[in-house]
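Next one to model:
(2 chains)
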Protein chains: 2
Amino acid sequence: MYALKGNLIWTEEPGCFRVLENGYLLIKDDRIAAVSAEPFAGVMTEDFGSRLIIPGLYDLHLHAPQYMFAGLFMDDELLVWLDKHTFPLEARFSDIDFAAKAYKAFVDDLKYSFTVRASVFGTIHKDSTLLLMSLLEEAGLHGYVGKVSMDRNSPDSLRETTADAIEDELEFLDKVSEYRNVKPIVTPRFIPSCSDGLLCALGSISKEHDLPVQTHLDENPGEIEWVKELMPDSKSYAEAYERFGLLDTKSIMAHCVWITEEEMDILQSHGSYIAHSPSSNMNLSSGIAPVRRFLERGMNIGLATDTAGGSSLSMLRMITDAIASSKLRWRLVDDSLAPLRFSEAFYLASKGGGSFFGNAGSFEEGYAADILVLDDASSEMTVLSPELSLPEKLEFYAYRAPDRRPFAKYVAGKRIV
Amino acid sequence: MYALKGNLIWTEEPGCFRVLENGYLLIKDDRIAAVSAEPFAGVMTEDFGSRLIIPGLYDLHLHAPQYMFAGLFMDDELLVWLDKHTFPLEARFSDIDFAAKAYKAFVDDLKYSFTVRASVFGTIHKDSTLLLMSLLEEAGLHGYVGKVSMDRNSPDSLRETTADAIEDELEFLDKVSEYRNVKPIVTPRFIPSCSDGLLCALGSISKEHDLPVQTHLDENPGEIEWVKELMPDSKSYAEAYERFGLLDTKSIMAHCVWITEEEMDILQSHGSYIAHSPSSNMNLSSGIAPVRRFLERGMNIGLATDTAGGSSLSMLRMITDAIASSKLRWRLVDDSLAPLRFSEAFYLASKGGGSFFGNAGSFEEGYAADILVLDDASSEMTVLSPELSLPEKLEFYAYRAPDRRPFAKYVAGKRIV
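Numbering: from 1, shown residues only, chains lettered A, B, ... in the order given. Modelled structure (predicted):
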């Protein structure tokens, strides 16, 4: 049991900050035990002074192998970008030495980012993906990692037969039992890369092994047209995933930029998660997801970098990009959906996405002790600092210092930075 | 005379990078004298190794007093944001001690940014604005600074009478002759803040003193409606500025998000500049300017941070934000206007905006020796680095390291970083 002292800021519902200046946070084992304005008697307390103490942030969707080219090849949109750059580069992860170098750089940077838990795509390669899991585990991060399943519409070097893809997935699952904090997730890349047979098998595997699922949904109009051709009998892209048993409360559907109300009904009926990836959706010319609508409906939603569609691993940058793109959507597409406010986007990045990992992303009692300590950047950077409220100091940090390292970072009660 | 050695990258027209690996750049006085693949015999040469050497970048529009709240109050759109936050905070620059602190922080950060020359708004306050000019001059930066003119629709604390505004502008101009590199620019805030009488006087002053002009145009639909009410006899917002003699080849019109073809005709007939401010236009829910259309027409255009509408001083961030927002415009508004490519956005930030300051922003002979030396960030950050072309290394830097400090920075041949 220990306590932290500092300026506490968190959200318990969208749109409303809770703050406690010079407050105390009590941690018992891997959980938040209490928040208090008074010290906890007899408890070892670390005093972080005027620093900001916020819940950890959660990245619901990113591709670890792509981090090496995040910020490159940004002149192409999704399907061209996949064929020209992404698939050939992911194919290189068949080489375990190459993978070791690339994944080490990724995990080093993720460790010092604001992300405490993530849901991560590897590649089709079992051994490289297991290595990625080891590195994440060693770094003290938590989350899910998927060996990607693909058996069609991909280059030879990044495609398995349906039978091999299924067998490899089962072998992969056999080998992951040694990991405590980084768990496997069933990962069909997306319908264009996966035959009906493979999707059906993966749906069964997820049920039998009680595993979560991650994939892509409704990212780009060209992709959606293609899915219609590939799945002529499905009413929609979402319905195609549903029929293979891939939608559940433990499913993450990345993007949902062009999702219809009918598809929202489907996702919501299963309690599936939307991983909103605002930077990626700009960089790959995809569009802007109707996040306000998801909030109005009370859907499960979190934020995601979608590295390398997004060029930054910073979840604070995702918060400001989610706000910026929601403003453009309001102005240019549909002014009935109000832009996201800072407090709402912060909720999505913390408790919104955190809930995928259990009770996480808040300072409520019993929540995972995932905690970030941030310097009060405003105190060095602006003469207005003494006049700012805690949420304003946090907003300032998110906009002005989104690529800094956190001063301290705790995952499940364990300090890793 | 001296030379620099390194990996040279620049653009002479939109869309096409020039590169010279391990090239030499010859500087004579304050100008680029030559580029060569061979060393210049007998000339002192600084070897920057594998670092990237690019032209300086130019920020065509930013508000120095607003830097202290860049990254704050981002939940409001333009007119509300002005009234609630911007005007009350700018009013505090009547206090020269406060101004000294705020402007020192601004100039310190601008010095270490990628900006070599800028066109800057001060406030209505003469003395504070003169102080700002001194600080910029001392830092070795070049550009223009305007004392802002406002005589209506503003709080008492940030409004002068028409007569005072004119007299103050003339007094301000009397006192700026001591500055060599930072010059005055006539700065009506925008039509809602300036009476016809003031605009008319400022048009005359700009002609008589042969001074450039900067102001705002067509940023936000609410603002444009307001201008229509205020200027019932004008055919358009641009035509209103034209009638007061405020449009010229040395005029910068910030934003132009909602500019009509007729207004583009007016600007183009005068050769006036558009300061495209992509981050600000997102943050303040303004919209996305049709930059591709400006390029097709061959208009004068550069990029701008519009601090504090934009939260970052990084012109590299403006490059990637201009690209991202052009992609959303293509997808959501008008697919006849193709997204900006990296090489095009780079051109806008360098030679595009640089041309406002004379021959600047390129490595062509006779151009101003405005030069940035950047670390090859890719070499530390990605295993792919050895395979990347120079433009790819530059793209990587812009997306992944937009807030770094340049390794070296030369303005008009003088090294300031």
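
For the rest of this, base every contact and every neighbour count on C-alpha atoms.
Will do.

gap between A:A308 and chain B?
11 Å (C-alpha to the nearest C-alpha, to the nearest Å).

okay but that residue is in contact with A:Y67, surely?
Yes - A:A308 is within contact range of A:Y67, at 5.6 Å (criterion: C-alpha atoms under 8 Å).

Tell me the residues of the stretch 1-150 of chain A that contact chain B?
When proximity is defined as C-alpha under 8 Å from any C-alpha of the partner chain, the stretch 1-150 of chain A approaches chain B at A:M68, A:F69, A:A70, A:G71, A:L72, A:F73, A:M74, A:D75, A:K101, A:A102, A:A105.

typo on my end, the stretch 151-300 of chain A
A:M282, A:N283, A:L284, A:S285, A:S286, A:G287, A:I288.

would you list those residues in JSON lines and tack on secondary structure?
Below are those laid out as JSON lines (DSSP: H, G, I helix; E, B strand; the rest coil):
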{"residue": "A:M282", "secondary structure": "helix"}
{"residue": "A:N283", "secondary structure": "helix"}
{"residue": "A:L284", "secondary structure": "coil"}
{"residue": "A:S285", "secondary structure": "coil"}
{"residue": "A:S286", "secondary structure": "coil"}
{"residue": "A:G287", "secondary structure": "coil"}
{"residue": "A:I288", "secondary structure": "coil"}
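
Now render these as CSV, adding pLDDT and neighbour count.
Shown next, in CSV, are these (pLDDT from 0 to 100; neighbours: other C-alpha atoms under 10 Å in any protein chain shown):
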residue, pLDDT, neighbour count
A:M282, 97, 25
A:N283, 97, 28
A:L284, 96, 25
A:S285, 96, 28
A:S286, 96, 27
A:G287, 98, 26
A:I288, 98, 29
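
Which stretches in the stretch 51-200 of chain A count as strands?
A:57-63, A:115-121, A:142-146, A:148-149, A:182-184, A:187-188 (DSSP state E, counting those that start in this stretch).

neighbouring contacts of the third one?
Taking contacts as C-alpha atoms under 8 Å, 6 or more residues apart in numbering or on different chains, the residues outside strand A:142-146 that touch it are A:116-123, A:129, A:133, A:136, A:181-187, A:214, A:357, A:411.

Ok, the second one next?
Counting by C-alpha under 8 Å, 6+ apart, strand A:115-121 makes contact with A:56-65, A:141-148, A:187, A:214, A:314-315, A:354, A:357, A:370, A:409-411, all of which sit outside it.

Relative to that strand, what are the paired strands and their orientations?
When sheet partners are counted by DSSP bridges, strand A:115-121 sits next to strand A:57-63 (parallel), strand A:142-146 (parallel).

could I get those as JSON lines with mean neighbour count and mean pLDDT?
Listed next are the strands paired with strand A:115-121 as JSON lines, based on neighbours: other C-alpha atoms under 10 Å in any protein chain shown; pLDDT from 0 to 100:
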{"stretch": "strand A:57-63", "mean neighbour count": "29", "mean pLDDT": "98"}
{"stretch": "strand A:142-146", "mean neighbour count": "26", "mean pLDDT": "98"}
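
Can I get those strands in TSV including distance to B:R331?
Listed next are the strands paired with strand A:115-121 as TSV, based on distance: least, C-alpha to C-alpha, whole Å:
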stretch	distance to B:R331
strand A:57-63	23
strand A:142-146	31
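
For B:A338, which of these is the nearest?
Smallest distance to B:A338 across those (C-alpha to C-alpha): 27.6 Å, for strand A:57-63.

How far does that closest one sit from its chain's centre?
Its chain's C-alpha centre and that of strand A:57-63 lie 2 Å apart, by C-alpha atoms, centre = their mean, to the nearest Å.

Give me every residue in the stretch 301-417 of chain A lying close to chain B.
A:311-312, A:323-325, A:327-328, A:330-333, A:341-342, A:381-384, A:392, A:395-400.

Name only those of these that count as buried.
With neighbours counted using 16 or more other C-alpha atoms under 10 Å in any protein chain shown, those contain these buried positions: A:311-312, A:323-325, A:327-328, A:330-332, A:341-342, A:381-383, A:392, A:395-400.

Next step: the residues you listed restricted to helices.
A:323-325, A:327-328, A:330-332, A:342, A:381, A:392, A:395-400 (DSSP state H).

re earlier: can you go through the contacts of strand A:142-146 and name the buried ones?
Judged by 16+ other C-alpha under 10 Å, buried ones among these: A:116-123, A:129, A:133, A:136, A:181-187, A:214, A:357, A:411.

Pull the distance from the one helix or strand in chain A whose mean pLDDT sits lowest to the chain's centre.
Counting by mean pLDDT, DSSP states H and E, chain A has its least confident helix or strand at helix A:78-81, which shows a mean of 90. Relative to the centre of its chain, helix A:78-81 is centred 21 Å away, using C-alpha atoms, centre = their mean.

Quick one: residues in contact with that helix.
A:F73, A:N220, A:G222, A:E223, A:L284, A:S285, A:S286.

list the contacts for the last one?
Spelled out, that is A:S286. A:E77, A:L78, A:E219, A:N220, A:P221, A:V257, A:S280, B:L328, B:R331.

Let me see the contact set for the third one.
Taking C-alpha under 8 Å, 6+ apart as the criterion, A:E219 is in contact with A:A254, A:H255, A:C256, A:V257, A:W258, A:N281, A:S286.

closest to B:A3 among the contacts of helix A:78-81?
A:F73 (32.2 Å).

A:E364: which of the strands paired with strand A:115-121 is closest?
So among the strands paired with strand A:115-121, strand A:57-63 is nearest, using C-alpha to C-alpha, at 15.1 Å.

So what touches the closest one?
Strand A:57-63 has contacts (C-alpha under 8 Å, 6+ apart) with A:114-122, A:252, A:254, A:275, A:277, A:302-308, A:315, A:349-350, A:353-354, A:361.

Among the residues you listed, which lie within helices?
Short answer: these in helices (DSSP H) are A:M315, A:G353, A:G354.

Tell me the spacing between the spatially closest residue to the second one that is not a sequence neighbour and A:S272.
Which is A:G353. Leaving out its chain neighbours, the residue that sits closest to A:G353 by C-alpha to C-alpha, 6 or more residues apart in numbering or on different chains is A:G302, at 3.7 Å. Going from A:G302 to A:S272 by C-alpha to C-alpha, to the nearest Å gives 11 Å.

And A:V227, by the same measure?
20 Å.

cool, A:F342 as well?
Counting by C-alpha to C-alpha - A:F342 and A:S272 are separated by 24 Å.

again, but for A:L26
32 Å.

any chance of the strands of the stretch 51-200 of chain A in JSON lines, with distance to B:S193 too?
Formatted as JSON lines, the strands of the stretch 51-200 of chain A follow (distance: least, C-alpha to C-alpha, whole Å):
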{"stretch": "strand A:57-63", "distance to B:S193": "43"}
{"stretch": "strand A:115-121", "distance to B:S193": "45"}
{"stretch": "strand A:142-146", "distance to B:S193": "53"}
{"stretch": "strand A:148-149", "distance to B:S193": "58"}
{"stretch": "strand A:182-184", "distance to B:S193": "58"}
{"stretch": "strand A:187-188", "distance to B:S193": "57"}
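
Out of those, which gets nearest to B:W10?
strand A:57-63 (32.3 Å).

Alpha carbons of that closest one, as CSV, please.
Output of strand A:57-63 as CSV, limited to C-alpha atoms (Å, rounded to 0.1, in the frame of the first residue of the first chain):
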residue,chain,number,x,y,z
LEU,A,57,-4.4,6.5,-21.2
TYR,A,58,-5.4,3.6,-23.4
ASP,A,59,-4.6,3.0,-27.1
LEU,A,60,-7.3,0.8,-28.5
HIS,A,61,-5.7,0.2,-31.9
LEU,A,62,-2.2,0.3,-33.2
HIS,A,63,0.1,-1.7,-35.5
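
Contacts only, for the closest residue to A:D76 other than its chain neighbours.
Distances taken as C-alpha to C-alpha, 6+ apart place A:L284 nearest to A:D76, at 6.7 Å, with adjacent residues excluded. Contacts for A:L284 were tallied using C-alpha under 8 Å, 6+ apart; they are A:M74, A:D76, A:E77, A:L78, A:G309, B:K327.
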